[in-house]
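S.K.: The following comprises the amino acid sequence and a computationally predicted model.
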Amino acid sequence: MKFLAASLKPHGRIFTVFNMVSVPIMTLGIALIVIRFVKGIGSVTNLTQEVPWGLWIGFDVVTGVAFAGGAYVVTFMVYILNIQKYKPIVRVTVLNGFLAYVFYAGALLLDLGKPWNVINPIIGNSFGVSSVLFLVAWHFLLYMIAQLIEFSPAIAEWIGAKKARKILSGMTLGAVIFGITLSTLHQSGLGALYLMAREKIHPLWYSEFIPILFFVSSIFAGLSMVIFEGSISHRVFFDQLSEKNRTSHDGIIHGLSKICAFTLLIYFTLQVVVFAHGKHWMYLDSRMGLWYLTEMIGFVLVPMILYFFSYRTRNISLVKVSALVTMVGVIINRLNVTVIGFKWDAATHYVPSWMEIVVTLTVLSIEIWIFRWIVRRMPVLRDSPDWAKDTH
Amino acid sequence: MDAFTYTDIFDTKGIEYIIVIFFLLMIIPVWIILNRPLKLKARVSRAAGALTAAILRVPKGLLFSKNHTWTHMGHSGNARIGVDDLLLHLTGGVEVGFLQEQGTRIRKGDLLAVLQRDGKKLEVTSPITGRVERVNPTLVENPGALKEDPYHSWLYEIEPENWKEETGRFLLAGEASRWIGEELSRFKDFLAATVHGEGQATLEPVLQAGGELIDEPLSEMDQEVWSSFQSAFLTM
């Protein structure tokens, strides 16, 4: 109890800018969530029968899961390819991924007309095996478990459970392999959700290759988020950083920029091939065509060149800028597929209500609060205790 | 005679094949160019030869002692000790010879290790007093790995006895960066004095036209210069 009480005590300053902005947002957002469940989804959103999926699915779930892709990419590099250079960031990336999936799966509940039915694909009360959502549901559950196992040694170190730590460390590699396998499928699976909506999504964003494009984009989306989050954590949690983390940070960022540059090149080529395959030339001469070109050139080609250039010149600041532009590009792409390009030719377009935006920010803020709570208490950025060193 | 016909490439899969072939042809040179900067930078820096303060790494969280060692205390209470980036840029790639074993008690100023290159050596002394807890196993296996990352490649882990008293005057962050810059200038003066002392007319082998040092200037010098350098720079 004493340990728990001590853990609950706030660390650091209370009246920071982030706290003062996020607390009112969270307060309002929680109130809106209560209203959503009491009065129904229509009371807080602009969703309709024609547009049943909006910002919460398009941003929280589809985009959020893409950004969580850093976990499977980094663990793949460290545990499968044995690139130990990235070992210092494994824990924090897995933590981010775990929290992302927990909160974005949670955000999914907000969008369900009967949230209590979310358990059906798991318990078998009408599995729904013909739906991609069956795959997504199982994958989310299993991946969260895999990530929890991957992160659990840190929890064991925090509470001083040596035996548990040993057992959990032994399970890490298996959980990593399982997690990577799951990720490749559900990252593309989120794209597959939209395969059935051929007539509803603008041809410039719809193709039978959406799953592949979603999977490839999750690689650089996840790594860009790792760069972005790593840069912020490096400054905010400087006192927590181990010496290895501190000195290896720039080298890690530099290495990730190379992978992002190359993956963006592959993604851009795929997009060009898909575009040519679909023979979408006539759509370019339209507002949506212009928007498509803005996305491809401004938010795929340009960050690719920025990453390329920043890697060559070892310019860490430029890497961070590239990461930001890439992340904006991923958000734009996912929203184009799920919201902006969805029913683009309808008489009235879906625009998210302010309440939907507040709830989205609430989910994000709560996630950041929990991330901060964990990082300040558990050995995520700092070294493991001596008794746990020299083991996985 | 048949009328002339043409095939609209945009109406066939031809354009897709062209894009894919172009990508496959491009991928290898792109990968080579992407990897080239690391080698190019080394070649350029060697050709241009500029050893300037701008290329030296001085992590903000480490304490720097004036014998060009750094020290950092971890959460376990043990302090790691290594040598700074400037020293390695001056000497070039060196091999580490460890002189102390785990469990030994050492005092501030005691010999910790030697840095060796082509038969020449420099001695590294301890900036603090304490008991040796660990020797870096990575460097024991690969003594030449020091230059790749001098701040990750610590030499010893020591349980300090008088941490506060002995590190009170060490340098941190901005102070350390400024000191490193000053040491580099002092090294240029040292070189000038050494070269004149040896009767050489010019510093051409170690200075560029603009007066900047080449990287690894000590690598071409003999043991006598290394010994003078030891006295001038590595003694506390």
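M.R.: Thanks, I have the structure now.
S.K.: Quickly find the element holding the residue nearest to A:Leu324 when sequence neighbours are not counted.
M.R.: Leaving aside its sequence neighbours, A:Leu324 sits nearest to A:Phe228 (Cβ to Cβ, 6 or more residues apart in numbering or on different chains; 6.4 Å). Just so you know, the C-beta spots here come from the backbone N, C-alpha and C atoms, and that holds for glycine as well. Using DSSP states H and E, the element containing A:Phe228 is helix A:210-236.
S.K.: For chain B, what lies in contact range of chain A?
M.R.: Residues of chain B lying near chain A by Cβ under 8 Å from any Cβ of the partner chain: B:10-11, B:13, B:15-16, B:19-20, B:23, B:27, B:30-31, B:34, B:36-37, B:41, B:59, B:61-62, B:72, B:74-76, B:80, B:149, B:151-152, B:154.
S.K.: Show me how the record splits the chain into domains.
M.R.: By default, I'm working from chain A. A:18-193+A:353-380, A:202-232+A:249-350 (automatic domain parsing).
S.K.: that's the wrong chain, I wanted chain B
M.R.: According to automatic domain parsing, the ranges for chain B are B:9-48, B:68-83+B:93-169.
S.K.: Of these, which stretch is the most buried?
M.R.: Across the domains of chain B, averaging neighbours per residue (mean count of other Cβ atoms under 10 Å in any protein chain shown) puts domain B:68-83+B:93-169 on top, at a mean of 18.
S.K.: what's the neighbour count on the residue nearest to A:Leu324?
M.R.: Neighbour count for A:Phe228, taken as other Cβ atoms under 10 Å in any protein chain shown: 17.
S.K.: For chain B, which residue occupies the most central location?
M.R.: Central residue of chain B (Cα atoms, centre = their mean): B:Asp85, 3.9 Å from the mean position.
S.K.: Skip the chain neighbours and tell me the closest residue to it.
M.R.: The shortest distance from B:Asp85 to any residue other than its chain neighbours is 4.5 Å, reached at B:Arg57 (Cβ to Cβ, 6+ apart).
S.K.: Wait, that neighbour touches B:His152, no?
M.R.: No. With contact defined as Cβ atoms under 8 Å, B:Arg57 does not reach B:His152; the gap is 10.6 Å.
S.K.: Make a markdown table out of the domains of chain A and add mean pLDDT and distance to B:Arg117.
M.R.: Shown next, in a markdown table, are the domains of chain A (pLDDT from 0 to 100; distance: least, Cβ to Cβ, whole Å):
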| stretch | mean pLDDT | distance to B:Arg117 |
| --- | --- | --- |
| domain A:18-193+A:353-380 | 91 | 26 |
| domain A:202-232+A:249-350 | 93 | 24 |
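S.K.: Quick one: those as TSV, columns for distance to B:Glu175 too.
M.R.: Listed next are these as TSV, based on distance: least, Cβ to Cβ, whole Å:
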stretch	distance to B:Glu175
domain A:18-193+A:353-380	26
domain A:202-232+A:249-350	21
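S.K.: So which of the ones you listed is nearest B:Gly92?
M.R.: Counting by Cβ to Cβ, B:Gly92 lies closest to domain A:202-232+A:249-350 out of the domains of chain A; the figure is 20.4 Å.
S.K.: which helices and strands sit right next to the helix holding A:Phe228?
M.R.: helix A:64-67, helix A:70-75, helix A:90-111, helix A:162-192, helix A:243-278, helix A:316-335 (3 or more Cβ pairs under 8 Å, 6 or more residues apart in numbering or on different chains; DSSP states H and E).
S.K.: Can you say which of those is packed in most?
M.R.: Ranked by mean neighbours (mean count of other Cβ under 10 Å), these are led by helix A:70-75, with a mean of 28.
S.K.: what helices or strands is that one leaning on?
M.R.: Under the contact definition 3+ Cβ pairs under 8 Å, 6+ apart, helix A:70-75 sits against helix A:90-111, helix A:162-192, helix A:210-236.
S.K.: Include distance to A:His202 when you put those helices into TSV, please.
M.R.: Shown next, in TSV, are the helices and strands packed on helix A:70-75 (distance: least, Cβ to Cβ, whole Å):
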stretch	distance to A:His202
helix A:90-111	22
helix A:162-192	15
helix A:210-236	12
